[in-house]
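J.: model the following, please.
(one chain, ligands or ions: 1)
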Amino acid sequence: RRCRVKVSSLCRRALNWALGLVQGRACVRSTHAFVFSNCTHGKVDSVLQTFDLYAETRPSLSIGPETGEALDDVVRRVRPSRALELGTHCGYSSVRLLRLLPPAGRLITVELDPLAAELGEEIILVAGFKHSQVLTSPSAEAIPALRSRPGPDQRGGGGFELVLMDHDPRQYLPDLLALERDELLCRSGCSVLLVNRRRRAEDLGEVLDHIRARAGRCCSIRTELPFMVEIFYQKENTETEGRSVGGTSEVGMKLFRLGRARCG
Ligand SMILES: C[S@@+](CC[C@H](N)C(=O)[O-])C[C@H]1O[C@@H](n2cnc3c(N)ncnc32)[C@H](O)[C@@H]1O
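T.: You can find the predicted model right below:
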């Protein structure tokens, strides 16, 4: 009987895995088809509204308006000239990010699934953005390769000023450590956004425990919402002065402003 239970549990897991694969692909195809044929090409607001319209009646992997608005607030505050996204899917969050970047701003977005990468890239072009780069690769391979990639704008010593992680929560901590190790986070200030789709504290537990254990040494949790957490990373100043970063104190804010000015 024990053997039968094990086999049936294995079968169920295999079936769920296969269903996830099929649904994921179907989702990206049907999202793309709907947005492509119903939006006004070249109009970024129309592209986003069409994504939202699709999500009203069908399952969708786009971050949607609620998380989208929280993302907009961070992008408006940080004003990154170099942004990285992990998890492109059909390009909703890429388009949301791109529309708020300054004219010289650039986005690199990484997607594991070749079909999603291709369709996502097309939607980004439909929205009118020609200068973003979609890399088709698992994040763990893309990150080390980014190091040798000449940035479009290396002022401020390079590194991303904003990173959006919306790929696989199990990869959030290893990818954050890899970005730091490869010096891809802007030393004078970088906001790393972690999307928490299931809104379960345990999904981000590992990475947040790591940040809390290091609080005051290069990184801290800046904002914690049920669906998204912002980590603020800053290497300059904190190394020499050993003070907490991204906090709300006068000193913290002063360092933050200084960091932003240098990054520009
Ligand atoms: C939730 S969707 C992203 C949705 C997108 N941010 C949006 O709002 O439109 C997650 C995407 O991450 C991709 N993904 C999962 N693990 C990945 C990894 N390790 N590296 C790169 N992409 C990954 C999946 O293929 C999927 O397309």
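J.: would you map the helices across the protein?
T.: 2-38, 44-57, 64-78, 92-98, 114-126, 139-147, 169-181, 205-214, 238-241, 250-263 (DSSP state H).
J.: ranking those helices by burial, who's on top?
T.: Neighbour counts (mean count of other CB atoms under 10 Å) averaged over each of the helices of the chain peak at helix 92-98, with a mean of 26. From N, CA and C alone the C-beta is placed, and that goes for glycine too.
J.: ok, which residues in the stretch 101-250 of the chain are in contact with the ligand?
T.: Residues of the stretch 101-250 of the chain found near the ligand (CB under 6 Å from any ligand atom) are 110-113, 116, 138-139, 166-168, 171.
J.: among these, who's most crowded?
T.: residue 111 (29 neighbours; other CB atoms under 10 Å).
J.: sorry, back to before: the residues of the stretch 101-250 of the chain next to the ligand in strands, which ones?
T.: 110-111 (DSSP state E).
J.: and the furthest pair within the residues of the stretch 101-250 of the chain next to the ligand?
T.: The distance between the two most remote of those (CB to CB) is 15.8 Å, for 116 and 171.
J.: re the thing from before, and of the residues of the stretch 101-250 of the chain next to the ligand, the nearest to residue 32?
T.: Using CB to CB, these come closest to residue 32 at residue 116, 8.8 Å.
J.: the closest one contacts residue 27, correct?
T.: No - assessed by CB atoms under 8 Å, residue 116 is found out of contact with residue 27, at 9.1 Å.
J.: contact partners for residue 52?
T.: Residue 52 sits next to 62, 64-65 when contact means CB atoms under 8 Å, 6 or more residues apart in numbering.
J.: distance to the ligand and pLDDT added to the residues you listed, as CSV?
T.: Converted to CSV, the contacts of residue 52 look like this (distance: CB to the nearest ligand atom, whole Å; pLDDT from 0 to 100):
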residue, distance to the ligand, pLDDT
62, 4, 96
64, 8, 95
65, 11, 96
